[in-house]
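>>> pasted the sequence and its predicted model underneath.
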2 protein chains.
Amino acid sequence: MGVSLKDIAERAGVSLATVSNVVNGYRPVGERTRQRVQQAIDELGYSPNLSARHLRRGRTGLIALAIPELNNPYFAELAEIAIREAAGLGYTLVMENTAADREAELLLLDGSRRHIIDGLIFSPVRIGREEVLARTADNPLVLIGEGVHDVPHDHIAIDNVAASRAAIQHLVSIGRRRIAFLGATSGGDRQSAHLRMRGYREALAAAGLPYRPQLVVPTDAFGRVDGRRAMRDLLTLGELPDAVFGYNDLIAVGALRALTEAGHRVPETVAVIGIDDIEEGRFSSPTLTTIAPDKEAIARLAVRRLVARIEGTEVAAPLTVQTPFQLIRRESTMSGVTDADRPDR
Amino acid sequence: MGVSLKDIAERAGVSLATVSNVVNGYRPVGERTRQRVQQAIDELGYSPNLSARHLRRGRTGLIALAIPELNNPYFAELAEIAIREAAGLGYTLVMENTAADREAELLLLDGSRRHIIDGLIFSPVRIGREEVLARTADNPLVLIGEGVHDVPHDHIAIDNVAASRAAIQHLVSIGRRRIAFLGATSGGDRQSAHLRMRGYREALAAAGLPYRPQLVVPTDAFGRVDGRRAMRDLLTLGELPDAVFGYNDLIAVGALRALTEAGHRVPETVAVIGIDDIEEGRFSSPTLTTIAPDKEAIARLAVRRLVARIEGTEVAAPLTVQTPFQLIRRESTMSGVTDADRPDR
DNA sequence: CAACGCCTGTATAACGTTATAGAGGCGCGG
DNA sequence: CCGCGCCTCTATAACGTTATACAGGCGTTG
């Protein structure tokens, strides 16, 4: 192995404990010896063995962020912020990709890797309340997203029902009446899909619009390909909507593509809106209207609460926080009227 | 802390070593005792402390993938493949985002975290040959991308000069003559930008086209915003190219947007090509022609070589591998002729 | 029946670190 | 000049694991 405390101690002619104190500043060390030790450290190129340190201290300085899709830009952007925030607090954030796989999520929650991290920020998709309650690991857990509710852990998410309502209200406000929802989930898996569905129905009802099942298209997953397929299905099934609400921006981008391929004009014929505000939506043609969650708030809050739990600063009861969101209007909903409406006005 | 080997040993009435052998299968254990131990493990919910195991074994089972931009889809897609491959070989891959920061890269190469990982796959941007040579960590390092050459480590990359040439040749083959290059680097930082620039110039020369400095636009970074800005600058500067080669797909997407905003038609007026084959390019309007590196090969090869080094299976001299690439033609270069050429044919 | 080997299990010494208890030197007040 | 406290520093016991050396039982072989 590399050089250890012992090597430094011998070189500097002091004890192990003194070197440790120089490194950690845990207890004061005389100026003369400190310098000698420091010199030895520099000369030999010492860096502490984190495994040993952890074994002794019970802390690694590592926290994990577990997300279901690494190549979903929403999570990538979230991760980037979280990494910065963690670094600022003296922690290293490692990313874990569960790939929306149930086994992977369980392993993460309770597997042996739990010993190596001080805490976990988790966006669960395939596991539910019971699994989280059955968790035996004793390091702190912060949940993000809508996967699981009513568990004794800090929880940060946007109000998905309200966000979804806001999206639909916007479409209604620009005169759309046949609004499709792409990305309903067939199984009972994704909680947030259910919530966004609920917001969709509530907003329709509030606007006095009928709920038409044939305008709701479930998808297997939530990527661009799924959005495109869902939109194509909708187009071939006959009923052309005048607006499309995508479960997230990726679904919306896929829908955008399918509409373009089919020769429909966005937003004139069909308006499109998504959720997430990924950068891609600011560069697509047309640019994508979206509901923007406050990613900065979500990521920073999650990290801060986790660290507070780890360090014992925070002992209050678990907190559930709903972070704000915002409608960002772009080209995909820029026309106030549909082609169909135009003659009437 | 949680339950340890000792707890299991007491519960099952055997020695520590026996429990360890049951867990690891390192040495045979009698069937009766094995069952008793296994039962104790299940009842108490034991999972090994990885820090302790690592301290003893000198291995963590963790490998790191260090990339300069987490929210660059190219790296996200690469990471996803690498994670799968690593899992298949019994390793856990943790991602490290250097954010193209020199300090972060140095810390990763030689900082204290090196003790916690068995090996590192590294895509350096801000550090060079000397820094890599000066590295003191003794765990294996595999380099990907063009950051550093001629160092005693395995190295995997595409032939950037050839890839760049292929892109230009394609543009030439569809009749383009005023081909811009977006994403040249002003400083000496990104090696691959230099190489792609070289390919650009070589291909121009081979096609008998003049090299025009005013068609080459450097950028600070390599994201969508940088591509858009570069394209805008080029448009306002007066000389309209009939084709644009982006340093990567993100730059190309930004250029696409700037062209659309300015009312130019792609590909009729200006054709656009990038490098990376990110999924976004299959959904943009128009879809983006690109040079597709074999991400699968790069990621899997990198992981496999690293693991081979870690386990000592591979002792041969460091290998430099150039992985294949492929032109994928999409809408952004689909027209055979430019608007300007059309009257002539 | 002695000698040998195999099979199963145990005791124990590391791995590199940090926290605790304590040792020695030295100044200072009584 | 003794006793006390402070300031440095040291010795050492953990943390949870795995590898090594060894011990006992029992069957096989010459």
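The structure has been received and is ready for your questions.
>>> low-scoring stretches of the stretch 101-250 of chain A, by residue?
Residues of the stretch 101-250 of chain A that meet the criterion pLDDT under 70 lie in A:186-189.
>>> how about the residues of the stretch 101-250 of chain A near chain B?
Counting by Cβ under 8 Å from any Cβ of the partner chain, the stretch 101-250 of chain A comes close to chain B at A:110-116, A:136-138, A:223-224, A:228. Just so you know, the C-beta spots here come from the backbone N, C-alpha and C atoms, and that holds for glycine as well.
>>> quick one: which of the residues you listed is nearest B:Leu89?
B:Leu89 lies nearest to A:Arg113 out of these, by Cβ to Cβ, at 16.1 Å.
>>> can you verify my assumption that that closest one contacts A:Leu107?
Yes. Shown here, A:Arg113 and A:Leu107 form a contact pair, counting by Cβ atoms under 8 Å, at 7.3 Å.
>>> these two: which is more packed in?
Remark: of A:Arg113 and A:Leu107, A:Arg113 carries more neighbours, 21 against 16, as counted by other Cβ atoms under 10 Å in any protein chain shown.
>>> list phi and psi for the more buried one.
phi -70, psi -20 (degrees, to the nearest 10).
>>> can you redo the residues of the stretch 101-250 of chain A next to chain B as JSON lines with distance to A:Ala17 and secondary structure?
Converted to JSON lines, these look like this (distance: Cβ to Cβ, whole Å; DSSP: H, G, I helix; E, B strand; the rest coil):
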{"residue": "A:Asp110", "distance to A:Ala17": "36", "secondary structure": "helix"}
{"residue": "A:Gly111", "distance to A:Ala17": "35", "secondary structure": "coil"}
{"residue": "A:Ser112", "distance to A:Ala17": "31", "secondary structure": "helix"}
{"residue": "A:Arg113", "distance to A:Ala17": "31", "secondary structure": "helix"}
{"residue": "A:Arg114", "distance to A:Ala17": "31", "secondary structure": "helix"}
{"residue": "A:His115", "distance to A:Ala17": "26", "secondary structure": "helix"}
{"residue": "A:Ile116", "distance to A:Ala17": "26", "secondary structure": "helix"}
{"residue": "A:Thr136", "distance to A:Ala17": "35", "secondary structure": "coil"}
{"residue": "A:Ala137", "distance to A:Ala17": "32", "secondary structure": "coil"}
{"residue": "A:Asp138", "distance to A:Ala17": "29", "secondary structure": "coil"}
{"residue": "A:Gly223", "distance to A:Ala17": "55", "secondary structure": "coil"}
{"residue": "A:Arg224", "distance to A:Ala17": "58", "secondary structure": "helix"}
{"residue": "A:Arg228", "distance to A:Ala17": "64", "secondary structure": "helix"}
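>>> of these, just say which sits nearest to B:Pro73.
Taking Cβ to Cβ as the measure, B:Pro73 sits nearest to A:Arg224 out of those, at 10.9 Å.
>>> so for the spatially closest residue to the closest one that is not a sequence neighbour, what's the pLDDT?
Distance criterion Cβ to Cβ, 6 or more residues apart in numbering or on different chains; nearest residue to A:Arg224, sequence neighbours excluded, is A:Gly254 at 4.2 Å. Predicted confidence (pLDDT) for A:Gly254: 98.
>>> wait, A:Gly254 touches A:Arg232, no?
No. The pair A:Gly254 and A:Arg232 does not pass the contact test of Cβ under 8 Å, sitting 9.2 Å apart.
>>> what's the farthest-apart pair in the residues of the stretch 101-250 of chain A next to chain B?
Farthest apart among these by Cβ to Cβ are A:Asp138 and A:Arg228. That separation is 44.6 Å.
>>> out of the two, which sits in the more crowded spot?
Comparing A:Asp138 with A:Arg228 by other Cβ under 10 Å, the one with more neighbours is A:Arg228, at 23 against 9.
>>> mind listing what that one touches?
A:Gly254, A:Ala255, A:Arg257, A:Ala258, B:Phe283 (Cβ atoms under 8 Å, 6 or more residues apart in numbering or on different chains).
>>> mark which of those are part of strands, please.
If you go by DSSP state E, those have nothing in strands.
>>> ranking those residues by neighbours, who comes first?
Greatest neighbour count in the contacts of A:Arg228, by other Cβ under 10 Å, goes to A:Ala255: 36 neighbours.
>>> A:Ala66 contacts A:Glu96, correct?
Yes. Using Cβ under 8 Å, A:Ala66 is in contact with A:Glu96, at 4.2 Å.
>>> phi and psi next, for A:Leu93.
Main-chain dihedrals, A:Leu93, degrees, to the nearest 10: phi -100, psi 130.
>>> whoops, A:Tyr26 was the one
In terms of degrees, to the nearest 10, the main-chain angles of A:Tyr26 are phi -70, psi -40.
>>> ok, now how distant is the nearest residue to it once chain neighbours are set aside from B:Leu108?
Excluding the flanking residues, the one nearest A:Tyr26 by Cβ to Cβ, 6+ apart is A:Ser20, at 7.2 Å. Separation of A:Ser20 from B:Leu108 (Cβ to Cβ, to the nearest Å) stands at 25 Å.
>>> next up, the contacts around the nearest residue to A:Asn72 once chain neighbours are set aside.
Spatial nearest neighbour of A:Asn72, chain neighbours left out: A:Leu250 (6.5 Å); criterion: Cβ to Cβ, 6+ apart. Shown in contact with A:Leu250 (Cβ under 8 Å, 6+ apart): A:Asn72, A:Pro73, A:Tyr74, A:Phe222, A:Gly223, A:Arg224, A:Asp226, A:Gly227, A:Gly274, A:Asp276, A:Ile278.
>>> before we move on, the earlier item: I'd like the average pLDDT over the helix or strand containing the residue nearest to A:Tyr26.
A:Ser20 belongs to helix A:16-24 when assigned by DSSP states H and E. For helix A:16-24, mean pLDDT is 91.
>>> the helix or strand following that helix packs against which elements?
Once helix A:16-24 ends, the next helix or strand along the chain (criterion: DSSP H and E) is helix A:31-44. Applying 3 or more Cβ pairs under 8 Å, 6 or more residues apart in numbering or on different chains; DSSP states H and E, one finds that helix A:31-44 makes contact with helix A:5-12, helix A:16-24.
>>> check which helices and strands the shortest one sits against.
This points to helix A:5-12. In terms of contacts (3+ Cβ pairs under 8 Å, 6+ apart), helix A:5-12 is packed against helix A:16-24, helix A:31-44.
>>> tell me which of those helices is the most buried.
helix A:16-24 (a mean of 18; mean count of other Cβ atoms under 10 Å in any protein chain shown).
>>> picking that back up, need the three-state assignment for the residue nearest to A:Asn72.
Secondary structure, DSSP: H, G, I helix; E, B strand; the rest coil: A:Leu250 is helix.
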